[in-house]
Structure formats: C-alpha cells, structure tokens
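Novice: Return a 3D structure for these sequence lines:
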Amino acid sequence: MSAAGRGPVAAAIAIVFVFLWASAYVPSKIASIESPPLWFLAARFGAAGLVLAVIALALRRKAPSTVRGWLVAGALGILTNALYLGLTYTALQRMSSGMGAIIASTNPLVLALLAPRLLGEPLTRLKVVGLLLGFGGVLAIVLARAGTRGALPGDVALAFAGVLAGVGSTLLFKKWAEGADLIVVNAIQLLVASVVVMPVALLLYGVPHVVPTRELVASFTYLVLVVSVGASLLWFWLLSRGEASRVSAYYYLTPVFGLALSALLLHERIEAHDIAGLVAIAGGIALVQRS
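Specialist: Purely as a prediction, here's the structure:
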C-alpha cells in the first residue's frame, strides 16, 4: 500500500467516506417506503451522472480512449449501483436501515478472501485476525437481530447479494480502471446504472406514481449530491491509492454510523449486544491497519 494510502489523511478520508455511505441508509429507507425504490434509484443515478458529466465537461476531462475503458466504466455502474444498491433498496422495503448498514460491513471479509488470488494483495496473519474480529462483531449483531421484522432471511440474502456485487466492482476497478479519470468514470457508471435500472423498474412497478413529500425530496437531494457524487468519488480515490482489502476494512465502521443515525433519526433501538459487536469491529479495523 502506498504511503498516500496509509497516512492519517487517507485514514481520515476513509472515515468520512464510511460516515457518508452509512448516512445513506436513513434517506434510503425513507425513499424505499415513500416511492417505488427502483424508480427512485434510476432517477438518483441519472441526476448524479448528469451532475458529474457537466463537471467533467467544464473541467475538460477526457473520456475513455478505448472500448475496454467504456466497457469497464459501464460494468462498474451495473455492479456498484444497479445491482448493489438495487438489491439493497429492495431489501430495505422491509429490513431496518440499521441492519442494512450491518450487512454492508461484511464487504471487507468477502474482499479479503478474494484479493490475494485476484489482486495479489498479501493476507497476513494480523490482517486475518483483524478481519475475523471485525466480522465477528458484525455477526454477533446480525445473529441477535435475526428473525425479527427488521432482519428477515430473504431480505438479508438480497442485501448480501448486493454486497457481493459491490465486492465485484472493487475488484474490477483495481484490476482494470486504476488511473482512469474518476469524475468521468463515475459519470459514465451512474448514467449506465440509470439506463439499466429503468426497464426493471417499469417491469416491476409500472409507470411511477410518486407524491413528492418534503422528506422524499430531501432524501433524493442528499443521496444524489452527497452520496452518489461525493462519497463515490472519495471511494474510488481511496481505492486508487491503497490496497483494496485494507481500504475496505473501514466498511466495518458502517454499522457504527448506521446504527447511530438510525437510532437518532428513525428511533431504532441500540442494544447492549450492538455495543459489544461495535467494540469488536473497532478492534478488528485497528489490527488490519497495523498489518
């Protein structure tokens, strides 16, 4: 991992990214209840992609010069947004936003199992212990909540399938898209995701009928500008400067922020087992970063 990817600045940016990513679960929960979730996502991706496209044109950023560059950017959109967020939003129609944040934090362990073979990143003993400790904290919280209305098995499976798609996008970026212009790549992948999600939304929900409440508009604005534009750029910046498995370990912080925000804004309860699990997660991240 480069010095840029291991220093305090990178760590601070990683924590900011995770906070922004975790903060998306509350407005996403609102959106999944007050609108057809896939139509909401299609609109969100399209709006964010247009914002980034305008920025790219204003800054005279260059589009991919090869067919492979366009295909990789499009595939990132399908994996990162259409599949990952599409499956997550569908699960969030019934699953609690806190549980959604918890399942998202399994990303580092799945990636760590694949990165040595696919990316050539070393999996040291200390990193293994840290990842397992962090995942143990996540698992403790999931098992304590399993079977409740906020964590039905089918919804958990959908959300985890979304995590697998997110891991696939990380591997694809590290393998084929490093060095590409981040603004351009994000613009392309978001616009592709919007186009891919639209026919699925039409098939499942028909023509959308949405009442634009204040909460829904605020959620849409926040998710477009702060998460799809801001957080996504931060994530790919981090990946371009560090090992995927080390950077992704910060995902274990997702339930820390997700549960706190869910309790504050949606009045979801935090139990003693949640606190114990989060302590284990923090210890796991510390070990991974020391490895």
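Novice: In contact with the residue nearest to residue 197 when sequence neighbours are not counted, which residues?
Specialist: Among residues not flanking residue 197 along the chain, residue 42 sits closest, at 4.3 Å (Cβ to Cβ, 6 or more residues apart in numbering). All C-beta atoms are positioned from the backbone trio N, CA, C, and that covers glycine. Residue 42 sits next to 194, 197, 198, 201 when contact means Cβ atoms under 8 Å, 6 or more residues apart in numbering.
Novice: try residue 112
Specialist: Contacts of residue 112 by Cβ under 8 Å, 6+ apart are 123, 127, 128, 131, 245, 248.
Novice: buried subset of the residues you listed?
Specialist: 127, 128, 131, 245, 248 (16 or more other Cβ atoms under 10 Å).
Novice: Which two among the residues you listed are spaced furthest apart?
Specialist: Greatest spatial distance in these: 128 and 248, 14.4 Å, computed using Cβ to Cβ.
Novice: Name the residues of stretch 94-110 that come out as buried.
Specialist: In stretch 94-110, counting by 16+ other Cβ under 10 Å, buried: 94-110.
Novice: Measure how far that stretch is from the centre of its chain, please.
Specialist: A distance of 10 Å separates the centroid of the chain from that of stretch 94-110, by Cα atoms, centre = their mean, to the nearest Å.
Novice: quick one: stretch 257-267 to chain centroid distance?
Specialist: Distance, centroid of stretch 257-267 to centroid of chain: 17 Å (Cα atoms, centre = their mean).
Novice: tell me the contacts of the residue nearest to residue 230 when sequence neighbours are not counted?
Specialist: Leaving aside its chain neighbours, residue 230 sits nearest to residue 20 (6.4 Å; criterion: Cβ to Cβ, 6+ apart). Residues in contact with residue 20 (Cβ under 8 Å, 6+ apart) are 226, 227, 230, 231, 234.
Novice: Tell me the most packed of the contacts of residue 42, by neighbour count.
Specialist: residue 197 (28 neighbours; other Cβ atoms under 10 Å).
Novice: so it makes contact with residue 37?
Specialist: No: with contacts counted by Cβ atoms under 8 Å, residue 197 stays clear of residue 37, the gap being 9.8 Å.
Novice: For the two, list the residues in contact with both.
Specialist: Counting by Cβ under 8 Å, 6+ apart, the shared contacts of residue 197 and residue 37 are residue 86.
Novice: per-residue confidence for the closest residue to residue 173 other than its chain neighbours?
Specialist: Using Cβ to Cβ, 6+ apart and skipping the chain neighbours, the partner closest in space to residue 173 is residue 239 (5.6 Å). With respect to pLDDT, residue 239 scores 84.
Novice: which ones are touching residue 239?
Specialist: By Cβ under 8 Å, 6+ apart, the neighbours of residue 239 are 170, 173, 174, 178, 247.
Novice: Throw the residues you listed into a markdown table and include neighbour count, thanks.
Specialist: As requested, the contacts of residue 239 are arranged in a markdown table below (neighbours: other Cβ atoms under 10 Å):
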| residue | neighbour count |
| --- | --- |
| 170 | 25 |
| 173 | 25 |
| 174 | 22 |
| 178 | 11 |
| 247 | 27 |
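Novice: Which two among the residues you listed are spaced furthest apart?
Specialist: Maximum pairwise distance among those (Cβ to Cβ): 12.5 Å, between 178 and 247.
Novice: Tell me which helix or strand comes right after the helix or strand of the chain with the lowest mean pLDDT.
Specialist: Lowest on mean pLDDT, DSSP states H and E among the helices and strands of the chain sits helix 3-6, with a mean of 47. Next helix or strand after helix 3-6 toward the C-terminus (DSSP states H and E): helix 8-23.
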